[in-house]
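Peer 1: Requesting a structural model of the entry that follows:
(one chain, ligands or ions: 1)
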Amino acid sequence: MVDHLAVAIDALERGPLAARVQRGAPLGPLTTYRVGGPAAALVVLDRPEDARVLADVLAGCPVDVVVIGMGSNLLVSDDGFDGIAVTLGTGFATIDIDSTTVTAGAAAKLPVVARTTVAAGLTGFEWAVGVPGSIGGAVRMNAGGHGSDMRDSLLDIRVLDLRAGTVRRRPAHELDLGYRTSALAASDLVLSVRLSLTPGDPEAGRAEIAEIVQWRREHQPGGPNAGSVFTNPAGDSAGRLIDTAGLAGLRIGSAEVSTKHANFIQVDPGGRAADVRRVMDEVRRLVAQTHGVDLHAETVMIGFPPEKAT
Ligand SMILES: Cc1cc2nc3c(=O)[nH]c(=O)nc-3n(C[C@H](O)[C@H](O)[C@H](O)COP(=O)(O)OP(=O)(O)OC[C@H]3O[C@@H](n4cnc5c(N)ncnc54)[C@H](O)[C@@H]3O)c2cc1C
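Peer 2: Below is the predicted model:
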């Protein structure tokens with residue numbers, strides 16, 4: 001039987017991306033939880049041509065692929081990911097501003113985009129200053145906060161279908177952006193993002209950013225975590241449900257529910273993804289028991305058995 005994964009990795013190592021392919025690369029360091037095992041191979045793309053080469057290798061090849069942005073919404077299994085992980089390098093982190101239109105490479109960091117657009121006299125993206133992700137990941141998740149989300153300013157994206165090898169511009173309305181959801185598939189690699197913002201007062205923007213940063217410091221824990229673990233059920237907050245179920249501080253092994261924000265889980269340095277997963281499962285069980293509410297994970301799970309993924 002053909003080992004498609006081995007064939008794909010061999011092809012990558014023999015081609016122009018050879019220097020950008022790492023077998024058995026640990027994925028934990030690419031995530032904000034900083035736990036989890038290796039990918040069969042990690043490919044770091046730095047130029048649009050790199051993305052084309054990867055797509056040529058993957059075209060019609062039945063291997064699992066995952067895109068890693070800043071890893072701020074990911075939990076990677078301790079067993080790792082038996083497929084090809086793809087991430088974008090600094091060549092994809094450009095930010096260009098033309099009047100009120102902002103074109104950002106998908107690896108541009110949200111806080112940098114927020115500050116850069118404010119400095120350029122634009123308003124509408126201040127909310128993103130406290131979200132430690134990439135703008136590509138933010139489209140996939142429809143990230144948001146402080147009353148806004150990506151939907152409010154997204155014009156369109158350029159996206160590479162890693163299976164078909166095609167690059168398309170897709171308007172925001174085609175992406176079905178919902179509450180932390182989008183229509184993007186695991187094989188869709190966002191290459192760049194265009195935002196439409198409005199002219200604003202840089203001083204007011206800087207003040208709003210300072211207020212958001214202060215609010216985050218006061219309300220959210222530092223250390224290894226992936227932000228909110230569960231989405232908020234309609235009309236309620238997952239944090240409130242977890243807190244009032246008495247679960248703040250619940251610890252299993254190396255992971256614990258934050259005592260500062262109950263919808264955050266923190267993990268000790270050198271800890272285990274399995275412990276985070278067990279805390280998640282226990283929180284869901286006890287919130288369902290206490291409040292009759294079934295919580296849904298916002299965190300994207302990588303390398304976990306499908307029946308356990310949420
Ligand atoms: C302290 C903290 C606070 C947070 N606060 C918020 C908040 O207020 N609001 C909020 O919405 N989120 C928040 N998050 C979660 C997270 O930062 C966002 O979801 C962010 O948009 C994820 O971006 P990322 O680049 O880290 O994506 P990753 O975590 O790397 O990936 C998330 C998903 O996006 C996909 N993806 C990543 N890059 C691309 C790409 N270029 N093309 C296609 N798919 C891609 C991945 O495959 C995965 O499915 C917080 C996280 C932390 C750690």
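
Peer 1: which residue ranges form the helices in the protein?
Peer 2: Ranges of helices in the chain, per DSSP state H, are 4-14, 48-58, 110-119, 135-141, 202-219, 238-244, 273-291.

Peer 1: What is the neighbour count of residue 214?
Peer 2: Neighbour count of residue 214, defined by other C-beta atoms under 10 Å: 11. For every residue, glycine as well, the C-beta is placed using N, CA and C.

Peer 1: now it: how far from residue 121?
Peer 2: To residue 121, residue 214 is 23 Å away according to C-beta to C-beta, to the nearest Å.

Peer 1: Show the contacting residues for residue 42.
Peer 2: The contact partners of residue 42, taken as C-beta atoms under 8 Å, 6 or more residues apart in numbering, are 21-22, 25, 27, 30, 68, 84-87.

Peer 1: How many residues are close by residue 173?
Peer 2: When counting by other C-beta under 10 Å, one arrives at 10 neighbours for residue 173.

Peer 1: Let's see the pLDDT reported for it.
Peer 2: For residue 173, the pLDDT comes out at 97.

Peer 1: Ok, residue 176 next?
Peer 2: 97.

Peer 1: Pull the number of nearby residues for it.
Peer 2: Counted with other C-beta under 10 Å, residues neighbouring residue 176 total 12.

Peer 1: residue contacts, it?
Peer 2: So residue 176 contacts 182-183 (C-beta under 8 Å, 6+ apart).

Peer 1: Could you do residue 46 as well?
Peer 2: Contacts here follow C-beta under 8 Å, 6+ apart; on that basis residue 46 touches 20, 88-92.

Peer 1: Look at the residue in the stretch 201-310 of the chain positioned nearest to the ligand and say how many residues are nearby.
Peer 2: Across the stretch 201-310 of the chain, no residue is closer to the ligand than residue 227, which sits at 2.4 Å (C-beta to the nearest ligand atom). Residue 227 has 21 neighbours, counted by other C-beta under 10 Å.

Peer 1: related to what we said a few turns ago, need the helices of the chain in a markdown table (columns: mean pLDDT and distance to the ligand).
Peer 2: Shown next, in a markdown table, are those (pLDDT from 0 to 100; distance: least, C-beta to the nearest ligand atom, whole Å):
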| stretch | mean pLDDT | distance to the ligand |
| --- | --- | --- |
| helix 4-14 | 96 | 18 |
| helix 48-58 | 90 | 10 |
| helix 110-119 | 98 | 7 |
| helix 135-141 | 98 | 2 |
| helix 202-219 | 97 | 7 |
| helix 238-244 | 98 | 12 |
| helix 273-291 | 98 | 13 |
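
Peer 1: Chain neighbours aside, what residue packs nearest to residue 296?
Peer 2: Spatial nearest neighbour of residue 296, excluding adjacent residues (C-beta to C-beta, 6 or more residues apart in numbering): residue 231 at 5.3 Å.

Peer 1: what does the model give that neighbour for pLDDT?
Peer 2: For residue 231, the model assigns a pLDDT of 98.

Peer 1: My read is that it contacts residue 293, right?
Peer 2: No - Residue 231 is beyond contact range of residue 293, at 11.4 Å (criterion: C-beta atoms under 8 Å).

Peer 1: quick check, nearest of the contacts of residue 42 to the ligand?
Peer 2: The closest of those to the ligand turns out to be residue 68 (C-beta to the nearest ligand atom; 4.8 Å).

Peer 1: Count the residues that sit near the closest one.
Peer 2: 22.

Peer 1: Just confirm it contacts residue 86, I think it does.
Peer 2: Yes - here residue 68 reaches residue 86: they are 7.0 Å apart, a contact under C-beta under 8 Å.

Peer 1: picking up where we left off before, any of the contacts of residue 42 buried? List them.
Peer 2: Among the contacts of residue 42, those classed as buried by 16 or more other C-beta atoms under 10 Å are 21, 25, 27, 30, 68, 84-87.

Peer 1: Dump the residues you listed to CSV, plus pLDDT and distance to the ligand.
Peer 2: Shown next, in CSV, are the buried ones among the contacts of residue 42 (pLDDT from 0 to 100; distance: C-beta to the nearest ligand atom, whole Å):
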residue, pLDDT, distance to the ligand
21, 98, 18
25, 98, 15
27, 98, 10
30, 98, 8
68, 98, 5
84, 97, 12
85, 97, 9
86, 97, 8
87, 98, 8
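
Peer 1: so which of those residues comes closest to residue 180?
Peer 2: Top of the list for closeness to residue 180, among these and by C-beta to C-beta, is residue 68 at 17.7 Å.

Peer 1: Spatially nearest residue to that closest one (excluding sequence neighbours)?
Peer 2: In space, and not counting its chain neighbours, residue 68 is closest to residue 87: 4.5 Å by C-beta to C-beta, 6+ apart.
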